[in-house]
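J.: Give the three-dimensional model of this entry:
(chains A and B)
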Amino acid sequence: MEPIYLDNNATTRCDPAVVEAMLPFFTQHFGNASSIHAFGSEVGKALKKARSQVQALLGAEHDSEIIFTSCGTESDSTAILSALKAQPDRNTVITTNVEHPAILTLCEWLEKEGYIVHKLKVDRKGRIDMDEYKSLLNDRVAVVSAMWANNETGTIFPVVEMAELASAKGIMFHTDAVQAVGKIPIDLKNTKIDMLSLSGHKLHAPKGIGVLYLRRGCRFRPLLRGGHQERGRRAGTENSASIVGLGMACELALKKMEIENTEVKRLRDKLEQGILSQITHCFPTGDVSNRLPNTSNIAFEYIEGEAILLLLNKLGIAASSGSACTSGSLEPSHVMRAMGIPYTAAHGTIRFSLSVYNTEAEVDRVIEAVPPIVAQLRKLSPYWKDDAPAANPEAAFAPTYA
Amino acid sequence: MWEYSDKVREHFFNPRNSGPLEEANGIGDVGSIQCGDALRLMLKVEPETEIIQDAHFQTFGCGSAIASSSALTEMIKGMTLDEALKVSNQDIADFLDGLPPEKMHCSVMGREALQAAIANYRGEEWSDDHEEGALICKCFAIDAVMIEDVVKANDLNTVEEVTFYTKAGGGCAACHEGIEEILAKVKAERPGMGETSPPAVCPATPEAPKPPAKKLSIVEKIKKIEEVLESVRPMLQRDHGDVELADVQGKKIYVHLKGACSGCMMEAATLGGIQQKMIETLGELVQVLPSSHMPVEA
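T.: Numbers count the residues shown, from 1 in each chain, chains lettered A, B, ... in the order given. Model prediction:
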């Protein structure tokens, strides 16, 4: 039985064309791009090409606006710390409470260091309140950082509009676009976005390569200081093979953008409808009318996500969950809690994230596999009786301590 | 994904004794929906003999919660209630060939459900006194509540001291920031330890134990040892455990760990904490060992 991979928001497989493009850079083109000799100049040319491939996918005005980093997290940290360092008279960061830990954990640390962090709340569908956002924009704000699309639900934030509002007040705008790049069209030159983070392994490039887009003219302070690589904005010898791989992946993503937003979206919708129509007491989370084309996050009430994943895994199906148990924490996903999803459902959220490699046959197999798993676990659940939740489930099962 | 033992996986994929038990005469409901696991244990007890004839469970929870529940029902069937009460969470984990540190609370939940169900059968009120905090040290499975209690009880000031007493922070070092936060919090709460008090009044740290002026006689030494044990007993009793002196042989102090302390996964940490206190009080290097390590008499 062939395994089915529906966890593409976690990471993706490298496209074979990406691997092929990379291989020579481990062997004959092993040179250091900084070297004067032929070994180096070959690599230099390849890096330049990759930079323009990334530029094209992002719709950046200049290729010098692309800074290669090691990952999305590095790009995020570089962007926010740079904005604070470059503007010492500003001490505030605005973000949202559904960001990836790459932003949230950094912001928690900034708070301990004495900075002020405002986290925008979201409604039941994971949408921010633009009026609340506008009311927070003032001249003490160094940077706004909002994700383009949410990794758990796929919900898209109005970052283009948010960037315009920030720009009008002279505030820098950063977006963690790790989930959005390659899945939805982006045209940075026609926006006011100053900084954007992307991560290679989310779009069929290898792990260990990321990009920080830095708009020309945006004030900047490097995170890593050292050599002159990336024009001194990110020191350290270039990860040339991975950069070449990322360039190729960006070129492919641009070509497949249409498929992503038609065929992948159709399969996602089929999967979601197929599951929702067969199972009671489950619902999709997030803003379903405004989300990534590949993501479906479904909450199954009265059962726990890790148990669902283990049973799916037994059938060769890979997905992920917002349950506390998968992360080893005591609380379920902060994204689900931010949207006010009750605990009885938040622990049972399953994220299916597709890619252009998924097929109709795979989707059909998953639609068939999920209902028996849910039924099996509900049979074990003290909140469930026969074919429905126990009458008034919270009262029917009220454990000794809460 | 977690590294579950084959036995955990087996009990999760094929849970034993799941679903309601109509003839149950002892039911224990424990857990918390916030934390994502909750367990109902149902016992059918034969009144004359107090033997558990059947045990079923219903669990809302992850793989190891379901496996722990399943294992528990298998373990206690055929036991008397008094025998069943001796089943510790470590026994459940051992039955499953171990659980990841983050998942040990699943076995704790099993033991608590057992206590609750037996209390229910006997018509007693069972109240939970187990407080679980966020897991701080993943290497040794030490949570925030445990660290805070030990810091308060022993007036600890540094990460190193916390490691001596609890083992937390002695592994990968990732939790040092978290331990420092707990230390800062406790320090802020400590009466008379505000910013106004000069640092000179801080008690001597364990790194600099003051050796007594002269060598202790064996009687004096044993008295001191008893004093140290007396001072830690309230802390252990709070967790339903206890300790008493078994023997002193040269530099080796043997103790009986009793109640919940016996077989507790934290045994090594408990002994480590006691040993640290002994060293400070006696002013000499000694080793505190469980009585099971005592050499067998010839």
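J.: contacts, neighbours, all on C-alpha from now
T.: Will do.
J.: would you list every one of the strands in the stretch 1-150 of chain B?
T.: B:26-32, B:37-46, B:51-60, B:135-137, B:142-143 (DSSP state E, counting those that start in this stretch).
J.: What average pLDDT does the last one get?
T.: This means strand B:142-143. On average, the pLDDT along strand B:142-143 is 86.
J.: pretty sure residue B:136 is touching residue B:180, no?
T.: No - taking contacts as C-alpha atoms under 8 Å, residue B:136 lies outside contact range of residue B:180: 11.0 Å.
J.: Does anything pack onto the least confident helix or strand in chain B by mean pLDDT? Which helices or strands?
T.: Lowest by mean pLDDT, DSSP states H and E among the helices and strands of chain B is helix B:267-282, with a mean of 82. In terms of contacts (3 or more C-alpha pairs under 8 Å, 6 or more residues apart in numbering or on different chains; DSSP states H and E), helix B:267-282 is packed against helix B:159-166, helix B:218-238, strand B:287-290.
J.: Save these as CSV, and put in mean neighbour count too.
T.: Formatted as CSV, the helices and strands packed on helix B:267-282 follow (neighbours: other C-alpha atoms under 10 Å in any protein chain shown):
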stretch, mean neighbour count
helix B:159-166, 21
helix B:218-238, 15
strand B:287-290, 20
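J.: want to try a markdown table for those, with distance to residue A:64 and mean pLDDT as columns?
T.: Shown next, in a markdown table, are these (distance: least, C-alpha to C-alpha, whole Å; pLDDT from 0 to 100):
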| stretch | distance to residue A:64 | mean pLDDT |
| --- | --- | --- |
| helix B:159-166 | 46 | 87 |
| helix B:218-238 | 63 | 85 |
| strand B:287-290 | 64 | 86 |
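J.: now those in JSON lines, with distance to chain A?
T.: Shown next, in JSON lines, are the helices and strands packed on helix B:267-282 (distance: least, C-alpha to the nearest C-alpha, whole Å):
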{"stretch": "helix B:159-166", "distance to chain A": "19"}
{"stretch": "helix B:218-238", "distance to chain A": "18"}
{"stretch": "strand B:287-290", "distance to chain A": "32"}
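J.: ok so, going back, looking at residue B:136 and residue B:180, which has the bigger crowd around it?
T.: Shown here are residue B:136 and residue B:180; by other C-alpha atoms under 10 Å in any protein chain shown, residue B:136 has more neighbours (24 against 15).
J.: Now do the contacts for the more buried one.
T.: Counting by C-alpha atoms under 8 Å, 6 or more residues apart in numbering or on different chains, residue B:136 touches B:142-144, B:168, B:175, B:178-179.
J.: try it again with 6 Å
T.: Counting by C-alpha atoms under 6 Å, 6 or more residues apart in numbering or on different chains, residue B:136 touches B:142-144, B:175.
J.: Show me the helices in the chain, by range?
T.: Let's take chain A. A:16-22, A:38-58, A:72-86, A:101-112, A:130-136, A:159-168, A:240-259, A:265-276, A:305-314, A:324-327, A:334-338, A:343-346, A:360-380, A:393-396 (DSSP state H).
J.: not what I meant, chain B
T.: B:6-13, B:63-76, B:81-85, B:89-95, B:104-121, B:144-154, B:159-166, B:176-189, B:218-238, B:267-282.
J.: ranking those by burial, who's on top?
T.: helix B:63-76 (a mean of 26; mean count of other C-alpha atoms under 10 Å in any protein chain shown).
J.: gap between it and the chain center?
T.: Distance of helix B:63-76 from its chain centroid, counting by C-alpha atoms, centre = their mean, to the nearest Å, is 20 Å.
J.: ok, residues contacting it?
T.: A:307, B:8, B:11-12, B:15-16, B:55, B:84, B:106-107, B:110.
J.: now the angle from the least confident helix or strand of chain B to helix B:159-166?
T.: Angle between the axes of helix B:267-282 and helix B:159-166 is 110 degrees (criterion: axes from the mean of the first three to the mean of the last three C-alpha atoms, to 10 degrees).
J.: Render the CA-only coordinates of helix B:267-282 in PDB, please.
T.: Only the C-alpha atoms of helix B:267-282 are listed here, as PDB (Å, rounded to 0.1, in the frame of the first residue of the first chain):
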ATOM      1  CA  GLU B 267      13.300   8.100  43.400                       C
ATOM      2  CA  ALA B 268      16.800   9.000  42.200                       C
ATOM      3  CA  ALA B 269      15.900  12.700  42.400                       C
ATOM      4  CA  THR B 270      14.500  12.400  45.900                       C
ATOM      5  CA  LEU B 271      17.600  10.600  47.100                       C
ATOM      6  CA  GLY B 272      19.800  13.100  45.300                       C
ATOM      7  CA  GLY B 273      18.100  15.900  47.200                       C
ATOM      8  CA  ILE B 274      18.400  14.200  50.500                       C
ATOM      9  CA  GLN B 275      22.100  13.400  49.900                       C
ATOM     10  CA  GLN B 276      22.700  17.100  49.100                       C
ATOM     11  CA  LYS B 277      21.200  18.100  52.400                       C
ATOM     12  CA  MET B 278      23.200  15.400  54.300                       C
ATOM     13  CA  ILE B 279      26.400  16.600  52.800                       C
ATOM     14  CA  GLU B 280      25.600  20.200  53.800                       C
ATOM     15  CA  THR B 281      24.600  19.200  57.400                       C
ATOM     16  CA  LEU B 282      27.300  16.700  58.100                       C
END
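J.: so where's chain A shaky on pLDDT?
T.: A:324-330, A:391-396, A:398-402 (pLDDT under 70).
J.: In it, which residue is most central in space?
T.: The residue lying closest to the centre of chain A (C-alpha atoms, centre = their mean) is residue A:179, at 3.3 Å.
J.: Show the backbone phi and psi for that one.
T.: phi -90, psi -20 (degrees, to the nearest 10).
J.: Please report how far residue A:320 lies from residue A:333.
T.: From residue A:320 across to residue A:333, the span is 12 Å (C-alpha to C-alpha, to the nearest Å).
J.: do the same with residue B:45
T.: 40 Å.
J.: same thing with residue A:111?
T.: In terms of C-alpha to C-alpha, residue A:111 sits 21 Å off from residue A:333.
J.: more crowded one of the two?
T.: Taking neighbours as other C-alpha under 10 Å, residue A:111 and residue A:333 compare with residue A:333 leading, 22 against 15.
J.: From what I see, that one and residue A:322 are in contact.
T.: Yes - using C-alpha atoms under 6 Å, residue A:333 is in contact with residue A:322, at 4.7 Å.
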